[in-house]
Every structure is written in structure tokens, then in C-alpha cells.
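> this one's sequence-less:
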Ligand SMILES: [Mg+2]
């Protein structure tokens with residue numbers, strides 16, 4: 001039952017939902033003394049961050065070898081304590097701890113023949129609606145509306161669309177174009193489908209711009225507006241909150257539960273993004289989601305990576321009372337579809353329940369080896 005080895009595996013893959021750009025993440029493989037294996041993922045996204053994460057995972061791995069793999073919480077605290085100087089509540093240490101923690105939960109479930117969802121206390125709801133998470137792509141708004149509606153026609157309950165991304169969509173820059181986009185996508189999806197707008201780093205809105213768009217989006221029934229003023233502008237968000245009734249989402253760039261508590265205290269966030277591959281793993285997500293629930297805020301898994309973070313997000317979203325939906329990439333690439341035997345998916349718009357043990361997935365190790373960035 002003890003941890004025998006911790007391996008850091010930096011990999012890169014083509015992401016079809018992001019214009020086939022290469023993304024990289026650090027996978028974590030933890031093996032116990034009986035040969036059982038747990039897998040985790042650190043969402044580092046950029047090559048330099050992925051290599052740095054791998055080194056930190058290897059270093060932290062040394063202090064957990066020989067530990068009881070069932071002791072996920074105790075190990076989590078050990079990792080936090082060990083990284084006190086270079087990971088004081090933020091940074092790549094949080095990303096590294098995330099991958100290790102997810103792998104330990106998977107391993108614990110496999111050792112006990114129990115699903116991570118059961119280890120978390122079981123599902124708090126019978127059904128979990130899924131929405132599509134995608135980016136604007138085409139120059140033609142009609143074409144984008146048609147594409148998005150084709151995804152929601154499968155039963156998905158709506159779509160969250162990233163503005164300011166690569167490609168020719170040119171969203172988030174001109175008010176008239178943005179409003180035409182919202183109107184046409186809403187019309188194409190039809191009634192009962194939600195549209196969420198997620199600003200990207202290429203968009204820069206000052207407070208007056210955000211207020212004008214938020215009011216116009218609210219009138220057109222946009223379900224939430226994500227990161228309209230970035231991740232850290234409490235005064236700006238207060239002004240936006242006072243001027244518009246639209247639901248405001250941010251938080252996916254926080255590193256831990258303390259950061260989530262801090263942004264909730266500003267009174268300016270309704271939907272808090274939480275990435276299990278960044279926010280200190282399943283243990284860290286759980287703590288942050290609990291704060292969201294206690295403060296009557298919605299938590300929303302930032303599920304935009306490989307099938308491992310997908311499986312962790314699935315279990316966490318079913319187990320957390322603050323989570324009401326789960327985002328899925330409507331077009332799966334290798335990292336979601338081929339990396340595991342049972343990718344997270346939906347049935348007529350509702351996320352499938354995970355099946356144990358652990359995260360309920362077996363990893364295609366040949367694919368992992370072929371995607372290695374370190375030869
Ligand atoms: Mg986002």
C-alpha cells in the first residue's frame with residue numbers, strides 16, 4: 001500500500017478545441033509496492049512550465065516514497081509544508097502538487113476498489129448537465145452559430161464560448177460584432193440553452209466597456225460573463241457589479257482555497273472556476289468548492305485539458321454541492337478520447353456517472369510515451 005515510485009511525464013498534444021495548437025501538461029504516475037498505479041495531471045499548459053513542473057514533481061516525489069497512499073490529506077499537507085519557500089500559496093508548486101494529489105486519489109481508489117466519487121462521499125445530485133466549452137473560430141458569425149448549435153443539438157445544455165482566442169473569430173473587440181454573435185448563437189441554439197461568454201487574454205476591456213457589454217449581454221440573456229476584467233481587479237468588478245445584474249465568473253487562475261476565499265469576499269464573483277490540475281488537486285478543489293458552497297456561490301470545474309483532469313472534474317462536480325454543471329469539449333482529440341479507455345462524456349446532455357475504481361479510467365501508456373516531450 002506504500003508509495004514505491006513517483007514519475008513525472010511531460011507530454012504535449014494537439015488540442016482540436018484550440019485550433020489544433022500544441023498544449024503541454026505534466027502527467028504524474030504513482031506506483032505502489034504492490035504494482036498498482038494511479039495517474040494525475042498537472043495543468044501547466046506551456047512547455048517551460050511543464051518542464052519546471054516535472055522537476056518539482058520529481059523533487060516532491062522523493063518525500064512521499066514510502067508513505068501510505070491512503071493518506072491523501074496528510075501527504076497533501078506534507079507537500080505544502082515542504083514547498084513553503086517556493087510555493088507560498090501560489091505558482092508552479094501548486095500545479096505540481098495538483099498532479100501528485102490527483103494520482104494519489106486515483107491510486108487510493110484502486111487500492112480500495114472504490115471510485116474517487118465514493119471516496120469523496122458520493123454524488124450530491126442524480127444528474128449533472130453538461131455544456132460545450134469551445135472557442136470562437138470562424139470569421140463568419142453565421143458559421144459559428146451553426147457549429148455551436150450543432151453541438152448543443154446533441155443534448156448539451158448550452159455553450160461557453162471563449163472570445164479573444166486564436167483564429168478568425170475576432171470576438172470581444174467590437175460591440176456590434178459581439179452582440180450579433182450573441183443574438184445569432186442564442187437563436188441558433190434555440191430555447192432552453194445557455195450561452196456563457198469567456199473573455200480571453202487578447203481582449204482588453206476597461207470598466208466602461210465591460211459595463212456596456214455586460215448590460216447588452218444581460219438583455220440578450222447571456223448566462224454568465226467570464227473574466228471580463230481579468231482575474232484581479234476587485235475595484236473594477238465592484239463597479240461592474242453595481243452597474244449590471246449579469247452573473248460574473250472568474251477564479252480559474254487562483255491557486256488554492258485561500259485565493260478562492262479572497263475573491264468571494266470581494267462580493268463580485270458568482271461563478272468560481274476551479275481547475276483540479278492547478279488548485280492543488282482533488283484535495284485542494286474540495287476545500288475551495290466547500291468555501292463556494294458555504295458562501296452560496298457556484299463552483300465550476302475548469303475542465304479543459306486531458307481525460308485525467310476530465311475524470312477528476314467529473315467526480316468532483318458530482319460530489320460538490322456548489323457544482324451544477326460540467327463543461328465538456330464537444331470535439332475530443334487524442335488527449336481526451338484516446339488517452340483513456342473511458343473518456344468522460346454525456347448521455348443526451350447529462351454527464352455520465354463515473355465508474356470505479358479510482359478515477360475509473362485506464363491509461364493508454366503507449367500514447368503517453370509517444371507524446372513525451374523529453375524524448
Ligand atoms: Mg475561462
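Nice, I can see it. Just so you know, these numbers come straight off a predicted model, no measurement behind them.

> and the strands in the stretch 151-300 of the chain?
When assigned using DSSP state E, counting those that start in this stretch, the strands of the stretch 151-300 of the chain occupy the ranges 158-162, 194-198, 224-226, 248-250, 271-274, 298-301.

> can you tell me how far the residue in the stretch 251-375 of the chain positioned nearest to the ion is from residue 317?
Proximity of the stretch 251-375 of the chain to the ion (C-beta to the ion) peaks at residue 252, 5.2 Å away. In short, each C-beta sits where N, CA and C put it, glycine included. Noted for residue 252: a distance of 14 Å to residue 317, by C-beta to C-beta, to the nearest Å.

> neighbour-wise, which of the two wins?
Ranked by neighbour count (other C-beta atoms under 10 Å), residue 252 and residue 317 place residue 317 first, with 30 against 20.

> quick one: the more buried one is in a helix?
Yes - assessed with DSSP: H, G, I helix; E, B strand; the rest coil, residue 317 lies in a helix.

> that one touches residue 323, doesn't it?
Yes - shown here, residue 317 and residue 323 form a contact pair, counting by C-beta atoms under 8 Å, at 4.0 Å.

> what touches both of those two?
Taking C-beta atoms under 8 Å, 6 or more residues apart in numbering as the contact rule, residue 317 and residue 323 both touch 128, 301.

> buried set for stretch 81-90?
Under the neighbour-count criterion of 16 or more other C-beta atoms under 10 Å, stretch 81-90 has 82, 83, 87 buried.

> oh, that last question was meant for stretch 179-191, not what I typed.
Of the residues in stretch 179-191, 181, 182, 184, 185, 186, 188, 189 count as buried by neighbour count, 16+ other C-beta under 10 Å.

> can you check stretch 193-210 too?
So, applying 16+ other C-beta under 10 Å, buried residues of stretch 193-210: 193, 194, 195, 196, 197, 198, 199, 200, 203, 205, 207, 210.

> could you work out the end-to-end span of it for me?
Terminal residues of stretch 193-210 are spaced 23 Å apart (C-alpha to C-alpha, to the nearest Å).

> list the contacts of that stretch.
131, 152, 156-165, 172-173, 182, 185-186, 189, 213, 217, 221-230, 236, 239-240, 249.

> could you pull out the helices for this protein?
47-64, 72-82, 92-112, 116-119, 141-152, 175-189, 207-219, 234-243, 257-265, 281-294, 307-319, 334-337, 365-370 (DSSP state H).
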